[in-house]
Every structure is written in C-alpha cells, then in structure tokens.
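In: pasting a predicted model and its sequence here:
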Number of protein chains: 2
Amino acid sequence: MGFEITKELLEDVKGYIDTSNNKSLLALFEEMHHADIAEVLDELSFDEAVFIIKLLDSETTSEVLMDVDDDVREKILQKLSAKEIAEEVEELDSDDAADIIAELSEERQEAVMSQIEDEEHVKEIEELLAYDEDSAGGLMAKELVQVNENWTVLKCVKEMRIQAEKVTRVHSIYVTNDKGTLKGRLSLKDLLIASTRTPISEIYIPKVDSVNVDESGEEVANIMRKYDLEAIPVVDNEGLLLGRITIDDIVDVIKEEADKDYQLAAGLVEDVEADDSILELTKARLPWLILGLFGGLGSVVIMEGFESAMNSYKELFFFTPLIAAMAGNVGVQSSAIIVQGLANDNVKGSLWKRLLKEVGLSLINGLVLGVIVIAVAPLMHLSLQFSLTVSISMLCVIIVASLIGTFVPIILDKRGIDPAIATGPFITTSNDIFGIFLFFMIAKAFLPF
Amino acid sequence: MGFEITKELLEDVKGYIDTSNNKSLLALFEEMHHADIAEVLDELSFDEAVFIIKLLDSETTSEVLMDVDDDVREKILQKLSAKEIAEEVEELDSDDAADIIAELSEERQEAVMSQIEDEEHVKEIEELLAYDEDSAGGLMAKELVQVNENWTVLKCVKEMRIQAEKVTRVHSIYVTNDKGTLKGRLSLKDLLIASTRTPISEIYIPKVDSVNVDESGEEVANIMRKYDLEAIPVVDNEGLLLGRITIDDIVDVIKEEADKDYQLAAGLVEDVEADDSILELTKARLPWLILGLFGGLGSVVIMEGFESAMNSYKELFFFTPLIAAMAGNVGVQSSAIIVQGLANDNVKGSLWKRLLKEVGLSLINGLVLGVIVIAVAPLMHLSLQFSLTVSISMLCVIIVASLIGTFVPIILDKRGIDPAIATGPFITTSNDIFGIFLFFMIAKAFLPF
C-alpha cells in the first residue's frame, strides 16, 4: 500500500501535458487507482486537470470525477460539454450519476439527460434526483441484485449473473414477491451450499433490516453501524424495494458529519481544508469571529456599567477574563457532550433529571475550582472576603454556563435545527457575556461598591 | 427498522427476572438482534444483566458482550467464571475474542485460554494479543477465505465452502502461493461466471490493496475510505497473508477517532456520554477546567503588572475579555483546521508557506475586525487613538494566536504526540495568556501610561 504524490510525479505529469505527450500520460495513469488519479488532479492547475479528464477513457474519469475535491469537480464540469458529461454519467452507478447531475444548473441537467442513451439509467437518475440528498433516498443506488421468492436456485443464479454485471458489489441478494415488496435476503453462502433445484422461498432469510426512503442519512449511518451492516435495502411506505445503500457511502456520511460537527465546534462555518485558499478560509472563519467581536463589545458595555467597582475592587477586573474563560470552557464541555449524545441518539431520560445532573456536576466542579482559588488567594495578596466572593460567583457562573451549554442544543434539536451550531464560539460568546454580567452582579451583592 | 427501548419493555424484563420467568425471557430475546439486547442490558442493573447473559446461549451472548458499553462488559466479565468466558470466546471471531481476552487480568487470561477447546483458536488469539490494539494487527481477524493460485475453480469452491463456514462474511477471496504470500484476490462475481476447471491462476486479479500489520488503525481507515474497500488483507514485511480487516471495524475506528478529537477539542479528557455518572463526567471535565483556572490566574498576574494603566486607560481592562476571546477563537479555528488536516493526511507544502498563509489570513481577518472596532468606537465614546490602539493590538494578537494554533499541533505531530490535544481549552488558555500580555504590551507602546 502507499501511493504518495511526489514532486517528481507532478513534474512528470505537467511536463507530459506541456509537450502533449499523451502516450506517456496514458501509460502513467493506466496503472493508477482512480482515487490516486483524483489526488493528482487536485494538485494540478484547472486546465491541466481538464486535459487529463478529456484524455483518459470515461470508465476511469467518471470515477475520478467522483473522487476529486468538490471545487475541482465543479470547475471541470463547467468545461465539459453536455455530451461529454453524459458519457461520464453513463459509466456511473445511479447514485453517483445523480450526484453529478445535481451539481449542474437546471438547463445543463436537461441537456445532459437528453444525451444519455440508456433510458433506464435516465429514469433511475430522475427518480433519485427527487429525493433530499441527505435522506436514504438521496444516498441509495438503484443497482442491486433482486430475486423473486418463486424462483429456483438455478434460475436465481442465472438471473444474478445478468444483474451482477451491472452491480459493482453484490452484497446481499434481496428477495421480493411478485409485487416487488421486500420479503427477505439470501446469503451468498447459503446459495453456494444449496442444490440447484431448491426454491428460493425455502432458503431465504425472511428477516432483513431495511430503512424507509425518507430516513435521514445520519439515522441510516447509526443503524448500519449498530447492526454492522454493509448494505441496507431502502423501501417506501408500502415496503416496495426501491434501492440499496452501501457502507462506503455511509462511511463518507459518518466522516462528513463528524468533520462538520468538529468544524462547527471550532467556529468554522464551512467545510474547509488546510490547503484551501486564503479567501475560502476567511469565508469560513470570519463570521464567527465577527460574532465573537460583538459579544466582546457587549461585555465591554457590561463592565462599563460596573465601572464604580474599580475604585475599591480593581482586582475584579483582573479576574474577569478568568471568569469568562471558565464560563466558555464549561459551556463548550456541556454542549459537546449533548451534541454528541443527540447525534448518537443516546440522550435519554427527562429534562428535569438532566437539569439536576448538570447542576450537581457543576456544583462539584465549581467547589473544587473555588477551593483552589481560595487556597491560592493569599499568595496573590487577596483578602479572604474577595477570594470567597470570586469563588462563589465562579460557582454560579459555572452552573449557569453548563445549563446554557446543555439546554440550548436540546432546544435547537427539538425545533429541528442542527444542535451542532450551538457549540464552540456560539456558546463561548454567549457564556462570556452571561458570565461577566453574573460575576459583577454577585460581586456587587457581596462587596461594598 | 426501528428498535426502541420502551419503559414497558424494561419493566417486562425486570419483572421476568424477579420472578425467574426464564421462558418468557427467552421468548422475548429470541427474536431480538444482539445489538438490541445489548442496549437493553445497558439499561438494566448489573445483576440483572449477568442473569440475562447466563440465561441466553453463548452464540448470542458472545455478540451481545461485544456490543454492551465497556463498563458494563467489564463488570459482567468479573462475574463470569473462566469456563463461562471461554465459552463466549469460542463463539467469537478471533479479533473480537482477542479484544475480550485483552480486557482481563493476566491470571484470568491464562485461566480462560486454558479452558478454550479449539487449539487453533487459542493460537490465533495469542498471535493477535501480541499486536498493538491500535495497529492493523490489533484490528484484523484471522478468519478469511484463502485459496491457492494452483487450485481449480472446482477445488476452490469446495475449499471455500469449508472455510466459509467459519467466516461471518466472505468479502474477497484472497489468493496466495504455496508459501502463503498474498498474490491477489478473486471476485465472487468472476468465480460465479468461470467454468469449474479453470485454474485460479487464470482468473484471479493480481492487484490487491493490502496493509502492513504495523500500520496504524487511523491510516488503515484512511486507505479503506479512499479506495472504498470493504475488507483489506493484512500482510507482514515479507508479504505473508496474516489476516484481514473488515469495514465494520473500521467504521468504529473512524467514529471513535472523530468522537475523541471532538471531545478533546471540547475539553473532555475521557470518552464520556451524556448518560454517564456524575463522577465519570467530573473526571472527564475537571482536568481541563483546572488548567483553565491556572491559566486564568496567570492572566490575573499579568494584568496586575499593568495596574498603573488603570488610572488613565481603564477601558483597556474592559476590552481584555474581548481580546482574550478573540485570541481563543482564532486559535481554536487554526488548530482545528490543522488537526483535521493531519488526521486526513492532507497537510502538504513547506512550513514557511503555511506560516505566510496563516499571517496573510490573520491580516485579513484582523483588518476586518479592527475596522469594525474603529467604526463602533464613537458610539462607545472611545477616542480614535484608543480604538486604533485596540485594533492594532487585536490584529497582532490574532496573528500570534493563529500561529500558535497552527504550529503547536504540527510540532506535537512531528514528535509523535496526538495533535488533537492541542485544541480546545489548551489553545484557548495559552492564547488567553499570550493575548492579554501582548495586548497590554502593545497598548503601553501606543498609549502614555
């Protein structure tokens, strides 16, 4: 294993393109996996990438197109004619084909579709385009091996050979009745062992996991992960077999969901990579920074309101960043646990119980941290009264911050909004403001200013 | 699809256990998937869970044991005798069996191993135990379908039937020479189509992806994801076929890695779930909070050092939490992008180029944010000199924060330390301190105090 893009390789490719040395290019790419070719294309200039796509046969380039970065694909598609795109699409399974088509403008979609020769493929793509791309319908492919419960093993094997030609990976064989309703599955192992005249109805496994076509991709991922499935059939409300989802697409869903949540928690609004352009990175980073800035300006205003405390207790202002940081950290911790729990579908029990738990947890954390402050205070020449005040208000801030961190995501989730946006800078910023305000309010109650 | 644990179900189960109604329990669990049974067990008391494990047959319970929460499994294993554990282990594939054995104390490991009847299974488990659990060796199973290149299709199918009995899922059929060196793979599809007398050497695919036994689990996941593989053979340095890794285990690796990185970014030191006990949650949350507290105390000391500024420029202290927040947000953004890039293996190019890019990016972000501050300043009755000072020092703080966020993970990674620890509270806290110090230093240079 181990394909690595080297400087030499890139220079070779660029050199061959410059001199239109097609023979060497073809020889070079012939032995390469399409995912590796895609990696090379990501490193080339846009014109060079188009040159390669037009040079290689569409059986290869269709797969390469699925593997290049989204922005590279978008640009390449713009440079290809409707006929050329249709040729790529014809090589792809229905799910990938629909993904490519969905990226085109409506006019181009029609132009490309009219150029596809295989009418069944067109019908399949049109069906898939109608589903939400994040639903089971948007993830499934129409290609699968489907046998009738009334067939014999012999007929089944014969039909399978024909169907298998069109299917990249066989996985389970789905058994349906005459209407097309999913009845069960047939294991390849059982098929290998059974005699040729056995009817399928005798050897198929009547239990089969399936998902509804409207199920969310995240839920499909949870089901496939839980039950260790490599493919799952998709059915409509009547149980009719519509397609199947394979684990390789679900692996991408899991990875993308995880990356998205991670980026939201880190305050990035778009899917960016370290090697994206400065402009793309700015677009991803600036929005949360601006939110953070306005949050910070809010806390400036709050502190101005407590300006009078400065005469007698200037240390309060030295402690403000600490309080804000604790509020932020606690909030992010609470929200991360809840957001992950919601995504994995394991947040159970009543809201009241959760509230009590968060308060209990915050009490323990807050007491430990408060004791540390009181213990350290003499070294910093702070009075007991002052350090007690800081500790008590820190305790309150931690409780409030953890409640905000826990319940904002839960509320968002109940309203159908992705709770992952309520992590990172959102929670930090709002907790900064609440924390600083609470800190000064409590200090005011305990200290004479 | 859709198994849901209901209150009624749990009450039924608890009731049957109380009245030792084994018949009803067996009937209830008979139709359930082992992953669902595991979910039920997670909700029961520990004694109830052990009762169920002892009641059901080991074919089912061995799989259930793999699916329950780690802490539940640990407790159940403590209550089972060496003989009982051996019975569970005998039902499991070698990789799962080794995982269970690895969780036992050394004495118990020996006791259990001596009770396993299948000597080959013992040998396989012992081999697997020798590998690092995060390596390809630690992830692979010994069960696979392996055929000799010198066999015919007929002999191959015969041998496969025997081997397939032991293998849960067939996936690819691996082709080796007489020495056991991996030569290629055989697709089930090709096997279905070929005539029985064809020699395997004529129909096998000589290209097969494989990973070295010492490769890290994360790297195996990257390879399988990139090439859309559902199983990958594992070889030693000489190319000898040792085992294979299946995608269901890799899905878990991807999910666990993502969860771990997310939790580290959120300041959680252990893998916790929303439904864990308060003690477990405290253990996960308190360490970073204590670090944050000491960081905050550090910034208190820094601000004390600039106490003299309070007479003429008290607003500086109102702006400190804002500066700290910006430093934290920028640092987390930068580190998240790099940590994700390192995990996905797409951080390329020289460090110098990356440095220039981060500075450029920070300049753009810092300028935009600085302009906002200057624009808003008159509304807050701040002088132009003051708002300019804040903007310039904020710009510097953002540049430094983004450099710390970018290069600390890179340095950690180069030293073989998981860069993911340098996200979240670690970066926020260190950037708070650096940011506040820098802010006052620059302010001192521009403002007379």
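Out: Received it, and whenever you're ready, just let me know what you need.
In: run through the strands of chain A in chain order.
Out: A:146-148, A:173-176, A:182-186, A:211-212, A:231-235, A:241-246 (DSSP state E).
In: distance to chain B, mean neighbour count and mean pLDDT added to those, as a markdown table?
Out: In this view, the C-beta of every residue, glycine as well, is placed from N, C-alpha and C. Shown next, in a markdown table, are the strands of chain A (distance: least, C-beta to the nearest C-beta, whole Å; neighbours: other C-beta atoms under 10 Å in any protein chain shown; pLDDT from 0 to 100):
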| stretch | distance to chain B | mean neighbour count | mean pLDDT |
| --- | --- | --- | --- |
| strand A:146-148 | 14 | 18 | 92 |
| strand A:173-176 | 11 | 22 | 93 |
| strand A:182-186 | 12 | 21 | 93 |
| strand A:211-212 | 5 | 22 | 96 |
| strand A:231-235 | 8 | 25 | 95 |
| strand A:241-246 | 8 | 24 | 96 |
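In: out of these, nearest to A:Glu59?
Out: Among the strands of chain A, the nearest to A:Glu59 by C-beta to C-beta is strand A:241-246 (19.6 Å).
In: C-alpha coordinates for that closest one, PDB please?
Out: C-alpha atoms of strand A:241-246 as PDB (Å, rounded to 0.1, in the frame of the first residue of the first chain):
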ATOM      1  CA  LEU A 241     -37.900  -2.300  -2.600                       C
ATOM      2  CA  LEU A 242     -36.500   1.000  -4.100                       C
ATOM      3  CA  GLY A 243     -32.800   0.700  -3.900                       C
ATOM      4  CA  ARG A 244     -29.900   0.000  -1.500                       C
ATOM      5  CA  ILE A 245     -27.300   1.900   0.400                       C
ATOM      6  CA  THR A 246     -23.800   0.600   0.700                       C
END
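In: distance from the chain centre to that strand, please.
Out: Relative to the chain's own centre, strand A:241-246 is displaced by 21 Å; criterion: C-alpha atoms, centre = their mean, to the nearest Å.
In: kindly report the same for stretch A:252-265.
Out: 4 Å.
In: can you tell if that stretch touches chain B?
Out: Yes: with C-beta under 8 Å from any C-beta of the partner chain as the measure, stretch A:252-265 is seen reaching chain B through A:Asp252, A:Ile254, A:Lys255, A:Ala258, A:Asp259, A:Asp261, A:Tyr262, A:Gln263, A:Ala265.
In: now that stretch: average pLDDT?
Out: Per-residue pLDDT over stretch A:252-265 has a mean of 88.
In: cool, and stretch A:5-15?
Out: Summarised as a single mean, pLDDT over stretch A:5-15 is 90.
In: list the buried residues in that stretch.
Out: Neighbour-count burial for stretch A:5-15 flags A:Leu9, A:Val13 (criterion: 16 or more other C-beta atoms under 10 Å in any protein chain shown).
In: distance of A:Ile76 relative to chain B?
Out: From A:Ile76 across to chain B, the span is 19 Å (C-beta to the nearest C-beta, to the nearest Å).
In: list the contacts of that residue.
Out: Counting by C-beta atoms under 8 Å, 6 or more residues apart in numbering or on different chains, A:Ile76 touches A:Phe46, A:Ala49, A:Val50, A:Ile53, A:Leu65, A:Val68.
In: 6 Å instead, please
Out: With contacts defined as C-beta atoms under 6 Å, 6 or more residues apart in numbering or on different chains, A:Ile76 is in contact with A:Ala49, A:Val50, A:Ile53.
In: can you tell me which of those end up in helices?
Out: Using DSSP state H, the subset of those located in helices is A:Ala49, A:Val50, A:Ile53.
In: for ChimeraX, write the select line for the buried members of the residues you listed.
Out: One line in ChimeraX is enough to select the buried members of the ones in helices among the contacts of A:Ile76, burial here meaning 16+ other C-beta under 10 Å:
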select /A:49,50,53
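In: adding distance to B:Met113, write the ones in helices among the contacts of A:Ile76 out as TSV.
Out: As requested, the ones in helices among the contacts of A:Ile76 are exported to TSV (distance: C-beta to C-beta, whole Å):
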residue	distance to B:Met113
A:Ala49	56
A:Val50	60
A:Ile53	56
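In: can you tell me which of the ones in helices among the contacts of A:Ile76 is nearest chain B?
Out: Taking C-beta to the nearest C-beta as the measure, chain B sits nearest to A:Ala49 out of the ones in helices among the contacts of A:Ile76, at 16.9 Å.
In: my read: that closest one touches A:Glu39, true?
Out: No: in this structure A:Ala49 lies outside contact range of A:Glu39 using C-beta atoms under 6 Å: 11.5 Å.
In: just the buried members of the residues of stretch A:252-265 next to chain B?
Out: The buried subset of these - by 16+ other C-beta under 10 Å - is A:Ile254, A:Lys255, A:Ala258, A:Asp259, A:Asp261, A:Tyr262, A:Gln263, A:Ala265.
In: which helix is the longest one in chain A?
Out: Per DSSP H, chain A has its longest helix at helix A:384-414.
In: what helices and strands are in contact with it?
Out: helix A:315-343, helix A:351-376, helix A:425-446 (3 or more C-beta pairs under 6 Å, 6 or more residues apart in numbering or on different chains; DSSP states H and E).
In: could you list the buried residues of that helix?
Out: Using 16+ other C-beta under 10 Å as the test for burial, helix A:384-414 gives A:386-410, A:412-413.
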